[in-house]
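3D model of this:
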Amino acid sequence: MTSTLNKLETLRKVRAVLLDMDGVLYVGDQPLPGVQELLAYLDATGRKWLCVTNNSSRTSQTFSDKLAAMGITVDPVHILGSAEATANWLAEQSPNGAKVIMMGEASLRGALQAKGFELVDDPFEAQIAVASIYYALNYDVLTRLTLAIRNGARFVATNPDATLPTERGQVPGTGSLVALLTVSGGRAPEYVGKPYPGMYEQAIRRVDGVAETTLMVGDRYETDIEGAARLGMPTAGVLTGVTTRAEYLAANPSPDFVVEGLPELLALFQQADRE
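Modelled structure (predicted):
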């Protein structure tokens, strides 16, 4: 953890902030304190920011709509979800019009189609198998993805999150579903979302930043914090989601900052900028 003497200097140098969403801005449909105030302060001090979420079940627009319903104003341009990140990442590497079989919500389908991929249902025709959270999941979908993977299709997953935080508690996430496909398909996927570099690198480009001066704010150590730290980014862990203070402090590396929530982080930014 960054020493006390260096903490304010670290924040003073931050020129961009990446914020996880579930467990940082809200839990389920309940907003967390201090979101709009922090975003307004970042704007006022000339710092760029982007909401970066492993949740692939929504588009940037529908995430914006969800936030608006909670009284939080975030333009879609300030949101990057793992569905869009995965489509972008694959488009940089795959032949134009590659055939993709997918497990996921309409947000993933739309993102892949927007990048020119041909979506197919035949597992023996697919060149790429993309897996993500799918709330209408059934055995047929799992069977077709398994057959595609076993037939040699490139296996890609939007994110590794085993659970999703909700008002009721932690529920199965993409990682839990991908674990099933890993066993049935006989091999592990390539991941795009946090903590893997693909999503972070896209996000840093979106804010015209560099790792060393881009702060990652998250609630889940093994995705939000660990991956960012590997890239040399400063990190802040909040206690409004999954990881506890004791878990943050026991981790290696631990976050540069552990805060109760966004109001405390805002206060630290304000203190850093005054001194």
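
Return the distance of the residue lying closest to Asp161 once chain neighbours are set aside relative to Ser82.
Of all residues not flanking Asp161 in the chain, Gly173 sits nearest, at 4.1 Å (Cβ to Cβ, 6 or more residues apart in numbering). (Glycine included, C-beta is placed from N, CA and C.) Per Cβ to Cβ, to the nearest Å, Gly173 is found 11 Å from Ser82.

And Asn54, by the same measure?
Distance of Asn54 to Ser82, computed by Cβ to Cβ: 5 Å.

Find residues that contact each of the two.
158-159, 193, 199 (Cβ atoms under 8 Å, 6 or more residues apart in numbering).

Of the residues you listed, which is the most crowded?
Thr158 (35 neighbours; other Cβ atoms under 10 Å).

mind listing what that one touches?
54, 56, 82-83, 85-86, 104, 108, 130-133, 174, 191-193.

same check, this time on Ala87
108, 111-112, 114-115, 117.

name the element it belongs to?
helix 82-93 (DSSP states H and E).

and what of Leu142?
Going by DSSP H and E, Leu142 is part of helix 139-150.

and what of Leu177?
Counting by DSSP H and E, Leu177 is part of helix 174-185.

contact partners of that helix?
Under Cβ under 8 Å, 6+ apart, the answer for helix 174-185 is 54, 56, 103, 129, 131-134, 137, 142, 145-146, 149-150, 155, 157-163, 188-189.

Buried members of these into PyMOL, please.
PyMOL command restricting those to the buried ones, with burial defined by 16 or more other Cβ atoms under 10 Å:
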select buried, resi 54+56+103+129+131+132+133+134+142+145+146+149+150+155+157+158+159+160+161+162+189
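
Walk me through the domains of this structure.
Residue ranges for each domain of the chain read 4-54+194-274, 83-191, as given by automatic domain parsing.

I'd like those domains written out as CSV, with distance to Pro76 and mean pLDDT added.
Shown next, in CSV, are the domains of the chain (distance: least, Cβ to Cβ, whole Å; pLDDT from 0 to 100):
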stretch, distance to Pro76, mean pLDDT
domain 4-54+194-274, 10, 95
domain 83-191, 10, 95
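
Out of the contacts of Thr158, the closest to Thr213 would be?
Nearest to Thr213, judged by Cβ to Cβ, of those is Ala85 at 21.3 Å.

Once you drop chain neighbours, what's closest to that closest one?
Met199 (4.5 Å).

Give me the phi and psi for the one you found.
phi -80, psi -40 (degrees, to the nearest 10).

One more: Thr214?
Dihedral angles (degrees, to the nearest 10) for Thr214: phi -120, psi 120.

Would you confirm that it contacts Lys13?
No: with contact defined as Cβ atoms under 8 Å, Thr214 does not count as touching Lys13 (10.3 Å).

Could I get the full set of helices for the stretch 101-250 of the chain?
For the stretch 101-250 of the chain, applying DSSP state H, counting those that start in this stretch gives helices covering 106-114, 139-150, 174-185, 197-206, 226-230, 245-250.
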